[in-house]
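Asker: With the sequence up front, the predicted model follows.
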Amino acid sequence: KRKIIMDCDPGVDDAIALAYAAAHPEAFELLAVTSVTGNQTIDKVTRNALDLVSLYRLSIPVARGAETPLLRDPQPASDYHGANGLGNVEIPRSQEDVVEESAVFFMKKLISELPEGEKITLICTAPLTNVALLLKVFPEVKEKIQEILLMGGAVAGGNVTASAEFNIYEDPESARIVFRSGIPVVMCGLDATEKCALTASQVEKMCQSNNRIARFCGNMAGYSLANGNKYRGNVSIHDAVPFMYLTHPELFVAKKAVLDVECSDCASRGRTICDFRWWQHEESEENVVLMDADGARFQEYLIEAIYELGEK
Ligand code: BDR
Ligand code: CA
């Protein structure tokens, strides 16, 4: 069982990813959720993180993270995630508040408190600003981080520009810091995550369900389907992929690579560079990129988890 911190910007698919994690307590020991600006402003995504933790009946702390990417202005993705970040679906307000420390300090605290010999896994489903700051301010935490699994990037092509995927494009400099940190990274990019999508009829069925979590996830996904994804007929649940990779690695094709990102101001800013030339790989190089996924089994496991959580 892994000890996990989820760093996220909920976000329709972040919210569904957290539901998947919450449905699998045997695989994930969720220590905290940290928020970071991305899909919406830091105020909105932090509010959403608190409300989701309470909706899913997780008793875990939430810490508020970075308000802007390292160098550039944030560009919220309201078309895809709605003005409230959750596809304009309303959920009850949590009575809880964020912890006193900001995300970077709270992550550092949790990592320092780990029992001797234990490590943490970071699952990042948003721009990597918090994680980059953590690694720069407290480099000593690196040896206590087992792995960073992140949703971001692409080998073939982007979604926010022809070259770049949203989470990396928002803060390429932070992504570079993470890629070059020496910590093992699993890059769950669009090549795999776009295969991990719910169909319009699956979403419709969830919306009609009596199961409270299925209805909630269906309504959110329905928003993205109708707005951001209207030409595709399905809706990728990108952010569930890093969690699914841990519970069901057999669903994915993973390839070893040296990772970098284009940080200059050009048409390919934010493009991930995945170097597959084997002679570039050090003995110690453990980064991998997900190249493909079994979409049908992803759907099956995700839907099952969502209904299970709603029955708890
Ligand atoms: C990523 O960008 C965000 O809009 C989603 O939440 C996901 O993390 C997909 O490119
Ligand atoms: Ca996200």
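Answerer: Thanks, I have the structure now. Ligands and ions are numbered 1, 2, ... in the order given.
Asker: so Lys144 sits right up against Thr121, yeah?
Answerer: No. The pair Lys144 / Thr121 is not scored as a contact, 10.6 Å apart, by C-beta atoms under 8 Å. Yep, even glycine has a C-beta here, placed from its N, CA and C like the rest.
Asker: In the stretch 101-250 of the chain, what residue lies closest to ligand 2?
Answerer: Proximity to ligand 2, evaluated over the stretch 101-250 of the chain using C-beta to the ion, is greatest for Thr125 at 4.2 Å.
Asker: Mind pulling up the pLDDT for that residue?
Answerer: What the model reports as pLDDT for Thr125 is 98.
Asker: Angles on the backbone of it, please.
Answerer: With angles defined as degrees, to the nearest 10, Thr125 sits at phi -120, psi 40.
Asker: Repeat that for Val289.
Answerer: phi -120, psi 140.
Asker: residues from the stretch 201-312 of the chain in reach of ligand 2?
Answerer: Asp239 (C-beta under 5 Å from the ion).
Asker: how about low-confidence regions in the stretch 201-312 of the chain?
Answerer: 229-231, 282-285 (pLDDT under 70).
Asker: One more: the stretch 1-150 of the chain?
Answerer: Using pLDDT under 70, nothing in the stretch 1-150 of the chain is flagged.
Asker: Show me which residues of it sit near ligand 2.
Answerer: Within the stretch 1-150 of the chain, the positions near ligand 2 by C-beta under 5 Å from the ion are 9, 11, 14, 125-126.
Asker: which of the residues you listed has the most neighbours?
Answerer: Asp9 (33 neighbours; other C-beta atoms under 10 Å).
Asker: Surely that residue and Leu128 touch.
Answerer: No. When contacts are counted by C-beta under 8 Å, Asp9 is not listed as touching Leu128 (10.9 Å).
Asker: Show me how far the helix or strand encompassing Met244 is from its chain's centre.
Answerer: Using DSSP states H and E, Met244 falls within helix 241-247. For helix 241-247, the separation from the chain centroid amounts to 11 Å (computed by C-alpha atoms, centre = their mean, to the nearest Å).
Asker: in this protein, which residue is closest to the centre?
Answerer: In the chain, the C-alpha closest to the average C-alpha coordinate belongs to Thr125, at a distance of 1.6 Å (C-alpha atoms, centre = their mean).
Asker: Could you tell me which residues make contact with the residue of the stretch 151-300 of the chain found nearest ligand 1?
Answerer: Closest approach between the stretch 151-300 of the chain and ligand 1, counting by C-beta to the nearest ligand atom: Phe166, at 3.6 Å. Contacts for Phe166 (C-beta atoms under 8 Å, 6 or more residues apart in numbering) come out as 38, 77, 152, 159-160.
Asker: is it true that the residue nearest to the centre of the chain touches Phe243?
Answerer: No. Judged on C-beta under 8 Å, Thr125 makes no contact with Phe243 at a distance of 9.0 Å.
Asker: tell me which strands and helices the helix holding Met244 is in contact with?
Answerer: Taking 3 or more C-beta pairs under 8 Å, 6 or more residues apart in numbering; DSSP states H and E as contact, the helices and strands that helix 241-247 lies on are helix 12-22, strand 120-124, strand 145-151, strand 185-188, strand 252-256, strand 288-293, helix 295-311.
Asker: how many other residues sit next to the nearest residue to Phe298 once chain neighbours are set aside?
Answerer: Closest residue in space to Phe298, ignoring its immediate chain neighbours: Cys196 at 4.4 Å, by C-beta to C-beta, 6 or more residues apart in numbering. Close neighbours of Cys196, defined as other C-beta under 10 Å, add up to 26.
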